[in-house]
Every structure is written in C-alpha cells, then in structure tokens.
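3D model of this:
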Amino acid sequence: MNNQKKMTKNNSIHVLYYCIIFLPSLFQCCHNHKDTVSDVSFSTKDTVETIEKAYRLNLMDSIDSYGIKMSLYGYTTTTFERVSEIRQRDCLIPSDSGYFGCYTFLSKNPKNGMIQLDGYMVIWNKQRPWTYSSKNDLLIELRVFTDKIKLWGDLAVGMNRSELLSILGEPVFNGVGRLFFEVGEGQYLDARIDDQNLVYALQLFRSEKDFSTATALQEHVYDFYEPR
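Predicted coordinates for the structure are as follows:
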C-alpha cells in the first residue's frame with residue numbers, strides 16, 4: 001500500500017515537471033501561429049522586456065496591414081505604383097514579377113468636416129486580380145499622418161519625442177526635427193518631429209540598402225508629404 005502511494009506521488013511529480021517544461025513551448029507554438037512576426041522564439045527565462053524588444057525589432061512584420069485598410073475603408077482610394085517610383089524611394093522590390101498596390105487613406109475631420117489625409121500604404125503582391133480584401137499583401141511602405149493608424153503598441157503620430165525613444169531605443173540618426181531608426185532586418189522608420197517635440201509624420205519602409213549608419217542615411221533623400 002505504501003509503495004502504491006509512493007508511485008502515485010512520483011507520477012504526480014513527473015506530470016508537474018513535464019507541465020512546467022513543455023507547456024510554455026506549447027503556448028509559444030500557438031502564439032506564433034496567431035501573430036505575424038516571423039522567426040521569433042522565446043524561452044521560459046525571457047522577460048517581458050525581451051519579448052517586446054523582439055517584436056519591436058521586427059516592426060513591419062508585426063503590423064496588421066489588412067486591419068489598417070479595413071478600418072479606414074470609407075474614403076480610401078487605390079492604384080498601382082511603378083517599379084521606378086518604388087526604386088527611387090529606396091524601397092524593397094521583392095521580385096521582378098508581381099505588382100505594387102497603393103492605398104491612400106482619407107477620412108473626414110470631425111472638427112471641420114474637411115477630408116484629411118491619414119496615411120499612404122504600398123504593398124507588394126502576386127495575387128490576381130488584386131482586391132481590397134486581400135490578406136496576403138506584403139507591406140513595403142507605410143506613411144502615417146494622423147493617430148488613426150497605430151503601428152505597434154502606443155507608437156503613433158502625436159506621441160512625444162521622448163516616448164518614441166523609449167519605445168524604439170537608440171536611433172541611427174538623432175537630429176533636429178527628425179529621428180531615424182532601424183526596426184528590423186531591412187526595415188526602417190523615419191519620424192518627423194515638430195517644434196513641440198511631438199511626432200507629426202512617420203514613414204516605415206523595407207529596403208535592400210543598408211541605412212544602419214548616419215552616413216548611409218544621407219544618401220536617402222525622400223521628402224514624403226508632410227501635412228502640418
């Protein structure tokens with residue numbers, strides 16, 4: 001009888017042990033299927049800060065481009081963009097085939113009733129025909145001018161310069177009116193800052209060029225539309 005109790009106790013300990021070891025892995029598998037960030041894995045020793053940093057450094061992969069276009073469906077216009085225009089802005093060209101689709105996000109300003117520009121998004125896709133409801137677009141570029149478009153967590157137009165630095169860490173370039181960050185492999189964020197130290201415009205883009213140094217950044221001359 002004592003032996004049976006001892007075996008039962010040992011089995012319980014083994015079950016508890018396996019739960020501790022394998023349940024985090026099972027949770028991570030489910031988590032990876034749910035989110036869009038690629039090749040991110042964590043151990044049970046990783047802190048919340050470590051996990052958040054991994055997502056932050058794959059910023060464009062974590063953005064729900066489908067959710068953005070569906071939430072701003074009302075006044076959005078769509079068109080195609082030429083490869084030469086994409087190349088001129090140093091953006092990634094994934095393949096010689098496929099196409100670049102552009103979304104211009106507009107909305108009615110509740111204060112004055114005027115139509116305002118919220119943002120501009122460029123995607124790449126091979127699916128034909130291209131439809132607004134496509135869920136397999138590859139985000140190539142995203143420009144944001146209002147707080148209607150959220151990028152990651154609290155990252156949005158209208159935030160303070162110091163808040164932006166606390167989220168993204170050390171920038172590649174830190175200048176008057178501008179902060180430039182590397183936010184993933186071949187992923188960059190260009191933030192424009194007003195006189196009150198508030199972010200008034202953001203540009204995210206993928207590129208094959210290396211802009212990880214301030215010197216290389218000087219070659220990237222692209223003045224995107226900046227409503228003030």
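
tell me what the host helix or strand of residue 203 is packed against?
Using DSSP states H and E, the element containing residue 203 is strand 199-206. Counting contacts by 3 or more CB pairs under 8 Å, 6 or more residues apart in numbering; DSSP states H and E, strand 199-206 packs against helix 59-62, strand 138-144, strand 187-193. C-beta here means a position set from N, CA and C on the backbone, and glycine is covered the same way.

now that strand against strand 138-144, angle please.
Relative orientation of strand 199-206 versus strand 138-144 (axes from the mean of the first three to the mean of the last three CA atoms, to 10 degrees): 170 degrees.

for stretch 206-215, give the mean pLDDT please.
The average pLDDT within stretch 206-215 is 82.

just checking, residue 78 touches residue 100?
No - using CB atoms under 8 Å, residue 78 is not in contact with residue 100; the gap is 11.4 Å.

higher neighbour count, the two?
Between residue 78 and residue 100, counted using other CB atoms under 10 Å, residue 100 has the larger neighbour count: 22 against 14.

and that one, what does it touch?
By CB atoms under 8 Å, 6 or more residues apart in numbering, residue 100 lies in contact with 80-83, 86, 122-124, 140.

please apply the same query to residue 76.
The contact partners of residue 76, taken as CB under 8 Å, 6+ apart, are 69, 103-106, 132.

with residue 102 instead?
Counting by CB under 8 Å, 6+ apart, residue 102 makes contact with 78-81, 120-123.

rebuild the helices and strands packed on strand 199-206 as a markdown table, extending it with mean neighbour count and distance to residue 216.
What follows is the helices and strands packed on strand 199-206, written out as a markdown table (neighbours: other CB atoms under 10 Å; distance: least, CB to CB, whole Å):
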| stretch | mean neighbour count | distance to residue 216 |
| --- | --- | --- |
| helix 59-62 | 22 | 19 |
| strand 138-144 | 23 | 18 |
| strand 187-193 | 21 | 11 |
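
ok, residue 217 to residue 190 distance?
Distance, residue 217 to residue 190, by CB to CB, to the nearest Å: 9 Å.

find the residues that touch each one of the two.
Listed as contacting both residue 217 and residue 190 by CB under 8 Å, 6+ apart are residue 180.

what is the neighbour count of residue 174?
Residue 174: 13 neighbours (other CB under 10 Å).

what about it, is that helix, strand or coil?
With DSSP: H, G, I helix; E, B strand; the rest coil as the basis, residue 174 sits in strand.

now, of the contacts of residue 102, which are buried?
Among those, those buried by neighbour count (16 or more other CB atoms under 10 Å) are 81, 120-123.

before we move on, the earlier item: and the helices and strands packed on strand 199-206 as CSV, adding distance to residue 164 and mean pLDDT?
Output for the helices and strands packed on strand 199-206, formatted as CSV (distance: least, CB to CB, whole Å; pLDDT from 0 to 100):
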stretch, distance to residue 164, mean pLDDT
helix 59-62, 12, 91
strand 138-144, 13, 95
strand 187-193, 6, 93
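
out of the buried ones among the contacts of residue 102, which one sits closest to residue 202?
Nearest to residue 202 among the buried ones among the contacts of residue 102 is residue 120, at 11.0 Å by CB to CB.
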